[in-house]
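Q: Pasting the sequence and the predicted model now:
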Amino acid sequence: MEETSIELVDAARYLEGNADLRHALDIARTTELTPHYLGEGEHNRNFWFADPTNGRRFVLRINVEPQPFHKNQVAYEFAALTLLEPCGRTPIPLYLDDSPQAPGKGALVETFCDGKQLNFDCLQPGELRCAVQILADIHAVPVPQSPAHALYRPADPLRGLFDECLARFKNYRASGIEDPKLTRWTERFIAAAQNALDTYCPPEERNHIVNTETLAAHFLIPEESTKQAAQTAASGGVSATQGSGQASPPAKPQNSPRANTADWRDNPGSFIDWERPIIGEVAQDLAYFVAPTTTFWDSEFFFTAAQAEEVVEEYWCAVDGRFVRGSFDARFRAFRMMTALRSTTWFCKALPVYLGMVEGHMTQRTRRKFPRYLSDSFMEMLARDCFGLR
């Protein structure tokens, strides 16, 4: 709590003395701006503030640790949000400060997005329909032909993710700080994932802006849209029973979600947090969204195989022919393995920080979850459900 108070003071000082920020947001220099703590992840701390003269709300994001493949985190995120603005499903970037005087390792300001945070522990009917509609609308944004945009485009997103995992594991082994059980499990997972690398995907299907970290907490869904989505669902779809944390019985998706136009499709919600998007494949985002390593991060929820399949089919209904399915199904299975491997090697990397042997930023949520992710029961579940190992 004391640390948060100090951060609020620093954020208030930054807002108070920043004439360029106020000019970019069209806020008078004499207007008092009060930051409020909004939340944090492993890479950013977030605050919201409002212009009291008109009620407009904004989000101040301060980077504390860059993602691995770029050094200027805030500039990268600003560029991504600029490209995504036409879809209307992401925050609008308004101000960038990557100067040496910026707090942390840079800051940006974006529009505040309304909506209820998606929570797998208390899913409401219609919420998953809204979530996959948001993803489909984002993935349908055309990528500029010009190479001038700043987003990273791996030659093969699947192999790129695998290589990233290998590098992380290699550094872990070289650190001298190991958990023998974690090492053995990770070696098994690497061997299994390597067999999926040759799954083919044509270049034209690797041309979407994908977030790569589709956590439930990054979806903000208006309650009215949730209700409308539930009402228009065919016998339940991929919605959920109220308060149970379990998905409803699957229903056959409609041939096209546009057949019965509903207002909720015009405003299904927003997706926030664009730390490490790439130009790649939609299969990566879908595999990450339904993976057990993802859902367990924010909840106690796990999709069954049938429920995960239903989410995928609802997504393709939301795509509604705007791009082809192509090699998605084979690559989805491969990305499901890679998502689990990515999580496992991330815990390898974070182990020294968790043990207090090196300094580093780690949220309390991560500390609480860490032992359960490293347990044999969790690793056995990953081996069976993600890698097909016995």
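A: Nice, I can see it. Residues are numbered from 1 along each chain as shown.
Q: Please state the backbone phi and psi of E110?
A: Main-chain dihedrals, E110, degrees, to the nearest 10: phi -140, psi 170.
Q: quick one: it and L84 touch, right?
A: No - between E110 and L84 there is no contact under Cβ atoms under 8 Å: 11.1 Å. C-betas here are computed from N, CA, C, even on glycine.
Q: for the stretch 251-390 of the chain, which spans come out with low pLDDT?
A: 251-262 (pLDDT under 70).
Q: cutoff 90 now
A: Scanning the stretch 251-390 of the chain for pLDDT under 90 picks out the ranges 251-263, 297-298, 352-366, 390.
Q: Could I get the full set of strands for it?
A: Listed in chain order, the strands of the stretch 251-390 of the chain (DSSP state E, counting those that start in this stretch) span 270-271, 278-280.
Q: contact partners of the longest one?
A: I take that to be strand 278-280. 143, 151-154, 157, 206-210, 212 (Cβ atoms under 8 Å, 6 or more residues apart in numbering).
Q: Let me have those residues in TSV, extended by neighbour count.
A: Output for these, formatted as TSV (neighbours: other Cβ atoms under 10 Å):
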residue	neighbour count
V143	14
L151	18
Y152	17
R153	14
P154	17
P157	24
R206	24
N207	15
H208	22
I209	24
V210	24
T212	19
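Q: Among the residues you listed, which one lies nearest to Y14?
A: L151 (27.3 Å; Cβ to Cβ).
Q: thought G88 was touching I138?
A: No - between G88 and I138 there is no contact under Cβ under 8 Å: 9.7 Å.
Q: The two - which one has more neighbours?
A: Using other Cβ atoms under 10 Å as the criterion, G88 and I138 rank with I138 on top: 24 against 15.
Q: In the stretch 51-200 of the chain, where is pLDDT below threshold?
A: For the stretch 51-200 of the chain (pLDDT under 90), the answer is 64-71, 144-150, 176.
Q: Now with 80, please.
A: Flagging of the stretch 51-200 of the chain using pLDDT under 80 yields the residue ranges 65-70, 145-149.
Q: can you give me the strands for it?
A: 57-63, 93-97, 107-111, 116-117.
Q: Take those and write them to TSV, including mean neighbour count and distance to N267.
A: Shown next, in TSV, are the strands of the stretch 51-200 of the chain (neighbours: other Cβ atoms under 10 Å; distance: least, Cβ to Cβ, whole Å):
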stretch	mean neighbour count	distance to N267
strand 57-63	22	17
strand 93-97	20	20
strand 107-111	22	14
strand 116-117	14	13
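Q: and these as a markdown table, adding distance to Y373?
A: Output for the strands of the stretch 51-200 of the chain, formatted as a markdown table (distance: least, Cβ to Cβ, whole Å):
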| stretch | distance to Y373 |
| --- | --- |
| strand 57-63 | 25 |
| strand 93-97 | 33 |
| strand 107-111 | 30 |
| strand 116-117 | 22 |
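Q: Can you give me the distance of L151 to N207?
A: 11 Å (Cβ to Cβ, to the nearest Å).
Q: repeat for R367
A: For R367, the distance to N207 - Cβ to Cβ - is 39 Å.
Q: hmm, back to that, show me the one of the strands of the stretch 51-200 of the chain that comes nearest G176.
A: Nearest to G176, of these and by Cβ to Cβ, is strand 57-63 at 29.1 Å.
Q: ok, and what's touching the closest one?
A: 11, 14-15, 25, 35, 38, 43-51, 73-74, 77, 91, 94, 103-112, 272.
Q: do that again at 7 Å, thanks
A: If you take Cβ atoms under 7 Å, 6 or more residues apart in numbering as the criterion, strand 57-63 is touched by 11, 25, 35, 38, 43-50, 73-74, 91, 94, 103-112.
Q: Just the buried ones from the residues you listed, in PyMOL syntax?
A: A single PyMOL command is used to select the members of those judged buried by 16 or more other Cβ atoms under 10 Å:
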select buried, resi 11+25+35+43+44+45+46+47+49+50+73+74+91+94+103+104+105+106+107+108+109+110+111+112
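Q: Isn't F387 up against I190?
A: No - counting by Cβ atoms under 7 Å, F387 does not reach I190; the two are 10.0 Å apart.
Q: ok, these two, which is more surrounded?
A: Between F387 and I190, counted using other Cβ under 10 Å, the more crowded position is F387 (20 against 17).
Q: any idea how far that one is from K369?
A: 21 Å.
Q: Repeat that for D121.
A: 14 Å.
Q: Tell me where the stretch 151-300 of the chain has helices.
A: If DSSP state H, counting those that start in this stretch is used as the criterion, the helices of the stretch 151-300 of the chain fall at 157-175, 180-194, 223-232, 282-290, 292-298.
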